[in-house]
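*Asks:* give me coordinates for this.
(2 chains)
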Amino acid sequence: MTLIALTSGAFWGRPTWGTYWAWDARMTSELILLFLYLGVIALRNAIDDPRRADRACGVLALTGVVNIPIIYFSVQWWNTLHQGASVSLTKAPTMAATMLAGMLVMIFGFWFYSIAAVMLRARCIMLERERGSEWAGQYARGAA
Amino acid sequence: MNWGSLDNFLAMGGYGLYVWGSYGVTLVLIAAELILLGRRRRNAVGRIR
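*Replies:* Okay, here's the model as predicted:
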């Protein structure tokens, strides 16, 4: 169930990509990632029993993980429009200081937003599934 | 900064559509997610009570 929260949260939190399209490796592998997320969401909605849906989505998500290193290394393995990594932990960054500062702020901003969204979603799922329990009742009466 | 006037700032050196377009799409997506999450939470809490 956290897996579902993670995938859907990551899907929504993912920042937008460029306006125009080219079939280069980074974009194509990223598109496959989007389809994987859509596939997980569709699979989840297709199975009525939540436990079975969780298991099926978990398996699909684990298979989808294969795509992550492909996206990451796509700029090295294939000749693409994207440049290689501009920033690394071991070398001095090859970009202007103002751009680097802006990028770091946005990276942390989007990460924290994504984590917050995943957690909010997980709380919803917990309330929905534990609706018969004592603590859920107490919580719901306490919350507006 | 470097823009001088509000018009220049909005034009973003001719790339205004892309810059403000991506801001807009990001804003809409995040707002939509937060609204959906809030509604889902309210429904869940409401069904328990």
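*Asks:* nearest residue to the middle of chain B?
*Replies:* Closest to where the C-alpha atoms of chain B average out (CA atoms, centre = their mean) is B:Leu27, at 1.1 Å.
*Asks:* mean confidence score for whichever strand or helix holds that residue?
*Replies:* Assessed by DSSP states H and E, B:Leu27 sits inside helix B:16-48. Taken as a whole, helix B:16-48 carries a mean pLDDT of 79.
*Asks:* which other helices and strands does that helix contact?
*Replies:* Packing partners of helix B:16-48 (3 or more CB pairs under 8 Å, 6 or more residues apart in numbering or on different chains; DSSP states H and E): helix A:2-13, helix A:97-129, helix A:134-142. Any C-beta I mention is one placed from the backbone N, CA and C, and that applies to glycine too.
*Asks:* what's the following helix or strand after the first one?
*Replies:* Scanning forward in sequence from helix A:2-13 by DSSP H and E, the next helix or strand is helix A:25-46.
*Asks:* can I get the helices and strands packed on helix B:16-48 in CSV including distance to chain B and mean pLDDT?
*Replies:* What follows is these, written out as CSV (distance: least, CB to the nearest CB, whole Å; pLDDT from 0 to 100):
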stretch, distance to chain B, mean pLDDT
helix A:2-13, 4, 50
helix A:97-129, 4, 83
helix A:134-142, 4, 81
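*Asks:* which one of the ones you listed is the most hemmed in?
*Replies:* helix A:2-13 (a mean of 19; mean count of other CB atoms under 10 Å in any protein chain shown).
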